[in-house]
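**Q** Kindly return the folded structure for what I paste below:
(chains A and B)
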Amino acid sequence: MASKGNKRTPLYDFHVELGAKIVAFADYAMPVQYPTGILTEHNHTRDAAGLFDVSHMGQVTIRGADPITALETLVPADIRSLPIGGMRYTMLTNEQGGILDDLIVTRLADGIGVIVNAACKDADLAHLRAQLGSRCDVELDDDRALLALQGPKAAVILDRLVPGVAELSFMTVRAFDVAGSVWRISRSGYTGEDGFEISLPGGEAANFARRLLEQPDVAPIGLGARDSLRLEAGLCLYGHDIDETTTPVEAGLRWTIGKRRRDEANFPGAPVVLAQISQGPKRRRIGIRPDGPAPAREGTVIEEESGKTVGQITSGGFGPAVGGPVAMGYVESSMAEEGCPLGLVVRGKRREAHVIKLPFVPHKYIK
Amino acid sequence: MSDVKFTEEHEWVALDGDIGTVGITDYAQDQLGDVVYVELPAVGAEFTKGEQAAVVESVKAASEIYAPVSGAVVEVNPALSDNPALVNESAMTDGWFFKLRIQEPSEFDELMDETAYATFVEDLD
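**A** Numbers count the residues shown, from 1 in each chain, chains lettered A, B, ... in the order given. Below you'll find the model as predicted:
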């Protein structure tokens, strides 16, 4: 991506002070790692608590007459059944059933909150406004920051600073009054660990991040470890594991498609998606464990025994908690069974691997 | 006592007689981050100067390592397969990659010395 990284989050100076290595990501100058390095950051998040700046993501609010019905015209999730404060993972689909972006949708008292990927922010806003603009207001909350605190110690630590957050259940959000300002804190994340995402006014973010770092067991975590953590957790990265050419069914995300929505069959791409649900997709996203120590990166060709190409890796690297290489990719459905042997063509040489059930590291979400 | 020279691709080579020991510099390991895998050449493999001879993989990405001088591989570092992090901990000593029997001493002479390399790295930042 030929991005200059000229946008900054409210925490940019904080990252620089901490000695972060800054890279361009979706037009933002973001910390890829801090001086301790990705492995240490990754393991720290699995063992204690990691603080992430995810302010580059888009925080969108949809308000108006019946925003639920409006948004359901663009996503396959059952939003109507969400209680106020409930969150759901879903995606914007196109008429071919492809994924325009993946989202977290929250039912608020006065509308719908949507968290979108940084790289898709402009396109998503244009899409939402074009499709819903006649009946809803679609606003980007550009002045808010988004922090994530992830890991087994996140709840104890955050509850010390914002009492009450430990009572939140998984995939719910609540507004908290913090010294007169409204913070929206949810029990959610992108690491497979228990944790929280904190939406707060941008001007308050750096101070709060510093207060979190003063707590024992909190370390700052960059995008490098964010990527290895989500990969071990088997979570998709938009633009890599899912995109406009992959459907939710192929991606193993059919659980996100509500039963009522299947019956109504009125989301974009429903004919394609529902046919794949009933007949099975031609290809599937799988977890891949290379048998040797060499990582297999995105773009690696996957072969069957005979040498015929059956798919491609979409995310691949080293899984620190697994202690070896891990990957995800798509293969023809006949090759997607757990344990199925695969060949990976790394630097021109075939290396053995096998299909593994995702996630690589069990999710530790609280019930 | 061996003489150490450096390439613009951040390899170092220490010459002892006609044997050159090759590794990556401390600057390079810091740029790569945590090394998780090193793919080493086969003993006996022959490389010309500038040819890809090894691959070092960090959590983030794979990077190619080039032969700083022409030669045949006489030994590879056996410690790296069990402990690739040696490259981070000790890039200039225990984290060496392979040893070459060099063919053209003039190729070695043309490389940067420590002072020149230090200046080269300074200009990168």
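**Q** Distance of the closest residue to A:Pro83 other than its chain neighbours relative to A:Gly113?
**A** Closest residue in space to A:Pro83, ignoring its immediate chain neighbours: A:Arg107 at 6.8 Å, by C-beta to C-beta, 6 or more residues apart in numbering or on different chains. (Each C-beta comes from the backbone N, C-alpha and C, glycine too.) The gap separating A:Arg107 from A:Gly113 is 8 Å, by C-beta to C-beta, to the nearest Å.
**Q** do the same with A:Asp143
**A** The gap separating A:Asp143 from A:Gly113 is 15 Å, by C-beta to C-beta.
**Q** Likewise for A:Trp183?
**A** Relative to A:Gly113, A:Trp183 is positioned 13 Å away (C-beta to C-beta).
**Q** Then B:Asp125?
**A** Remark: distance between B:Asp125 and A:Gly113 (C-beta to C-beta) = 42 Å.
**Q** Equivalent analysis for A:Tyr89, please.
**A** Using C-beta to C-beta, A:Tyr89 is found at 13 Å from A:Gly113.
**Q** Check A:Leu200 too.
**A** Counting by C-beta to C-beta, the gap between A:Leu200 and A:Gly113 amounts to 14 Å.
**Q** of these two, who's got more company?
**A** Neighbours of A:Leu200 and A:Gly113, each counted by other C-beta atoms under 10 Å in any protein chain shown, are more numerous for A:Leu200; the result is 24 against 20.
**Q** Help me confirm that that one comes into contact with A:Ala206.
**A** No - taking contacts as C-beta atoms under 8 Å, A:Leu200 lies outside contact range of A:Ala206: 10.6 Å.
**Q** what's the span of stretch A:151-170, first residue to last?
**A** 13 Å (C-alpha to C-alpha, to the nearest Å).
**Q** secondary structure element for A:Ile157?
**A** Assigned by DSSP states H and E, A:Ile157 belongs to helix A:154-161.
**Q** residues contacting A:Glu204?
**A** Residues near A:Glu204 by C-beta atoms under 8 Å, 6 or more residues apart in numbering or on different chains: A:145, A:178, A:181.
**Q** who does the first one bridge with?
**A** This points to A:Ala145. For A:Ala145, the beta-bridge partners are A:Leu200 (DSSP bridges).
**Q** which non-adjacent residue is nearest A:Glu139?
**A** Leaving aside its chain neighbours, A:Glu139 sits nearest to A:Thr61 (5.0 Å; criterion: C-beta to C-beta, 6+ apart).
**Q** cool, and A:Asp66?
**A** Nearest one to A:Asp66, counting by C-beta to C-beta, 6+ apart, is A:Arg135 at 7.5 Å.
**Q** The one you found against A:Ile62, yeah?
**A** No - contact criterion C-beta under 8 Å: A:Arg135 and A:Ile62 do not qualify, at 9.8 Å.
**Q** Looking at the two, which is more packed in?
**A** Counting neighbours by other C-beta under 10 Å for A:Arg135 and for A:Ile62 shows that A:Ile62 has the greater number, 22 against 13.
**Q** Which parts of chain B are strands?
**A** B:3-6, B:11-16, B:19-24, B:35-39, B:46-47, B:52-58, B:62-66, B:71-76, B:98-102 (DSSP state E).
**Q** ok, now how distant is A:Asp122 from chain B?
**A** The spacing between A:Asp122 and chain B, counted by C-beta to the nearest C-beta, to the nearest Å, is 27 Å.
**Q** residue boundaries of the helices in chain A?
**A** With DSSP state H, the ranges of helices along chain A come out as A:12-17, A:38-47, A:67-72, A:121-132, A:154-161, A:202-214, A:223-232, A:259-264, A:270-279.
**Q** Give me the neighbour count for B:Val55.
**A** If you count neighbours by other C-beta under 10 Å, B:Val55 ends up with 17.
**Q** Same question for A:Gly202.
**A** By the criterion of other C-beta under 10 Å, A:Gly202 has 16 neighbours.
**Q** What of B:Phe120?
**A** The tally of other residues near B:Phe120 (other C-beta under 10 Å) stands at 15.
**Q** Beta-bridge partners for the closest residue to it other than its chain neighbours, please?
**A** Spatially, and ignoring its direct neighbours in sequence, B:Phe120 is nearest to B:Met112 (6.2 Å; C-beta to C-beta, 6+ apart). Using DSSP bridges, the bridge partners assigned to B:Met112 are B:Phe6.
**Q** Next up, the contacts around B:Met112.
**A** Going by C-beta under 8 Å, 6+ apart, B:Met112 touches B:5-8, B:120.
**Q** ok, of those residues, which come out buried?
**A** B:5-7 (16 or more other C-beta atoms under 10 Å in any protein chain shown).
**Q** Identify, from the residues you listed, the entry nearest to A:His363.
**A** Nearest to A:His363 among those is B:Thr7, at 45.4 Å by C-beta to C-beta.
**Q** What distance do you get for the residue of the stretch 201-350 of chain A found nearest chain B to A:Asp241?
**A** Going by C-beta to the nearest C-beta, chain B is nearest to A:Phe318 of the stretch 201-350 of chain A, at 4.1 Å. Distance, A:Phe318 to A:Asp241, using C-beta to C-beta: 17 Å.
**Q** out of those two, which sits in the busier spot?
**A** Each of A:Phe318 and A:Asp241 had its neighbours counted (other C-beta under 10 Å), and the higher figure belongs to A:Phe318 (28 against 25).
**Q** I'd assumed A:Pro320 was in contact with A:Asn43.
**A** Yes - proximity of A:Asn43 to A:Pro320 meets the contact threshold set by C-beta under 8 Å, at 5.7 Å.
**Q** how many neighbours does the closest residue to B:Asp34 other than its chain neighbours have?
**A** With sequence-adjacent residues excluded and distances taken as C-beta to C-beta, 6+ apart, B:Asp34 is closest to A:Leu39, at 4.2 Å. By other C-beta under 10 Å, the residues close to A:Leu39 number 22.
**Q** what separates A:Leu39 from A:Leu74, distance-wise?
**A** Distance, A:Leu39 to A:Leu74, by C-beta to C-beta: 40 Å.
**Q** Show the pLDDT at the closest residue to A:Arg284 other than its chain neighbours.
**A** Among residues not flanking A:Arg284 along the chain, A:Ala336 sits closest, at 4.2 Å (C-beta to C-beta, 6+ apart). Looking at A:Ala336, its pLDDT reads 97.
**Q** what do you get for the one 3 residues further on?
**A** Looking at A:Gly339, its pLDDT stands at 97.
**Q** A:Gly324 now?
**A** With respect to pLDDT, A:Gly324 scores 96.
**Q** contacting residues for it?
**A** Counting by C-beta under 8 Å, 6+ apart, A:Gly324 has contacts A:289-290, A:293, A:318.
**Q** tell me which of those is nearest to A:Pro163?
**A** The closest of the contacts of A:Gly324 to A:Pro163 turns out to be A:Phe318 (C-beta to C-beta; 38.5 Å).
**Q** dump the residue contacts of the closest one.
**A** Neighbours of A:Phe318 in contact, by C-beta under 8 Å, 6+ apart: A:228, A:295, A:324-326, B:36-37, B:57, B:59.
**Q** Tell me the bridge partners for it.
**A** Beta-bridge partners recorded for A:Phe318 (DSSP bridges): A:Pro325.
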